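>>> missing the sequence, but the structure's below:
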């Protein structure tokens, strides 16, 4: 363990370098080795953590995603070497639901594999415990650089919202928010945008030039898409996250941005408290995901709310039909209701495809496909 608390490490950096971008601050707060929120010991999910994610509410979430993965596998000609890769797998709950459905009900041939990319060694150990039943089916990598090209699908759930974001505000012109330290406290100062890419983004997505308007820009999505386009030789990406289209995200009325901090199932807007012990997130601009994906050969096939996506995949039949996997209790039914209505409305699903095959309309978008909103 590092001898100095993370807060002091960040302050020492500012003392050496001067004010740092908010994106640099957020990167350290979340991912600094051993001390960052996602790199330290406490597990942030579930009742003992800071928030719930869909896979932790009920395994039916992973089982339904497996139905969509099965269709993707068929569209690729049912390759024996089909790979499911999950980036940032939390405790492994989503992987467990997907793998269970594949083995118990979809009966895939044994050559397929599940790869988890996880940079936190403590999280990898937690995932191994969760997935110990599936020893031999799952592989772990610490970064995308370790992954060889494959055919299959890349799955992420609440990954992109945790990428470090640049914060900008409108005064006499758009300025970037930097983090300084005065009298041993973090303060914010404004300066020129740190890159031409950020300046171009502001123009491309028509961020309102209204006095006092502030928001976030997630440039890390571009680098992420570049990395996954290298490892995905043919196949799909399935992205689930908090988010909006660009028009919704940068609407005039959303003048305070979307940045939120999570700590023990409470939220606030102050990222400078509990540094390293609270989550910091910002919603995803799914239009940028579509646009940048096209740059790397990833065509957007569909976009819709999570609730619509799960309904399209047959959640009602899976839960209530003659092939129901189990008899559900009232608490379980309430959790599934949350997947459809609560997280089902705040979370969006996007599927992108790299390759030359005709994919048609995917099952997950049978109820709704809002690709025209992007």
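Ah, there it is. Since the structure is predicted, the reported quantities are computational estimates derived from the model, not experimental observations.
>>> Could you use CA atoms for every contact and neighbour count after this?
OK.
>>> List the contacts of residue 309.
With Cα atoms under 8 Å, 6 or more residues apart in numbering as the criterion, the residues that contact residue 309 are 349, 364, 365, 366, 367, 368.
>>> Contacts only, for residue 99.
Listed by Cα under 8 Å, 6+ apart, the contact partners of residue 99 are 66, 134.
>>> what separates it from residue 365, distance-wise?
22 Å (Cα to Cα, to the nearest Å).
>>> for residue 300, same thing?
12 Å.
>>> Those two: which has the busier surroundings?
More neighbours surround residue 365 than the other of residue 300 and residue 365, with 24 against 20 (other Cα atoms under 10 Å).
>>> Tell me the pLDDT of the more buried one.
At residue 365, the predicted lDDT confidence score is 96.
>>> same check, this time on residue 114
According to the prediction, residue 114 has pLDDT 97.
>>> That one: which element?
strand 113-117 (DSSP states H and E).
>>> same deal with residue 64?
When the helices and strands are read off by DSSP H and E, the one containing residue 64 is helix 60-75.
>>> other SSEs contacting the helix or strand just after that helix?
The first helix or strand that comes after helix 60-75 along the chain, using DSSP H and E, is strand 83-87. Packing partners of strand 83-87 (3 or more Cα pairs under 8 Å, 6 or more residues apart in numbering; DSSP states H and E): strand 113-117, strand 150-157.
>>> that older thread, just checking: what are the partner strands of the strand holding residue 114?
Based on DSSP bridges, the strands next to strand 113-117 in the sheet, each with its direction, are strand 83-87 (parallel), strand 138-141 (parallel).
>>> quick one: that strand to strand 150-157, angle?
Here strand 113-117 runs at 50 degrees with respect to strand 150-157, directions being taken by axes from the mean of the first three to the mean of the last three Cα atoms, to 10 degrees.
>>> hmm, back to that, as JSON lines, the strands paired with strand 113-117 with mean neighbour count would be great.
Written out in JSON lines, the entries for those read as follows (neighbours: other Cα atoms under 10 Å):
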{"stretch": "strand 83-87", "mean neighbour count": "23"}
{"stretch": "strand 138-141", "mean neighbour count": "16"}
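>>> what about the ones you listed, which gets the closest to residue 308?
strand 83-87 (22.0 Å; Cα to Cα).
>>> How about residues contacting that closest one?
In this structure, residues lying in contact with strand 83-87 by Cα under 8 Å, 6+ apart are 95, 112-118, 150-156, 159.
>>> Okay, buried residues for stretch 207-227 please.
For stretch 207-227, the neighbour count (16 or more other Cα atoms under 10 Å) marks 207-209, 213-219, 221-222, 224-225 as buried.
>>> What segments of the stretch 251-374 of the chain are strands?
When secondary structure is read from DSSP state E, counting those that start in this stretch, the stretch 251-374 of the chain shows strands at 260-263, 266-268, 279-281, 284-285, 299-305, 347-354.
>>> The longest one packs against which elements?
So that's strand 347-354. Under the contact criterion of 3+ Cα pairs under 8 Å, 6+ apart, strand 347-354 touches strand 232-244, helix 286-295, strand 299-305, helix 306-312.
>>> One more pass at 10 Å, please.
Using 3 or more Cα pairs under 10 Å, 6 or more residues apart in numbering; DSSP states H and E as the contact test, the elements touching strand 347-354 are strand 150-157, strand 232-244, helix 286-295, strand 299-305, helix 306-312, helix 330-341.
>>> how big is the angle separating that strand from strand 299-305?
170 degrees.
>>> Give me the angle between strand 347-354 and strand 232-244.
Regarding strand 347-354 and strand 232-244, their directions subtend 160 degrees when assessed with the same axes, to 10 degrees.
>>> Can you list the strands that strand 347-354 pairs with?
Taking DSSP bridges as the criterion, strand 347-354 pairs within the sheet with strand 232-244 (antiparallel), strand 299-305 (antiparallel).
>>> I'm done for today, thanks for sticking with me.
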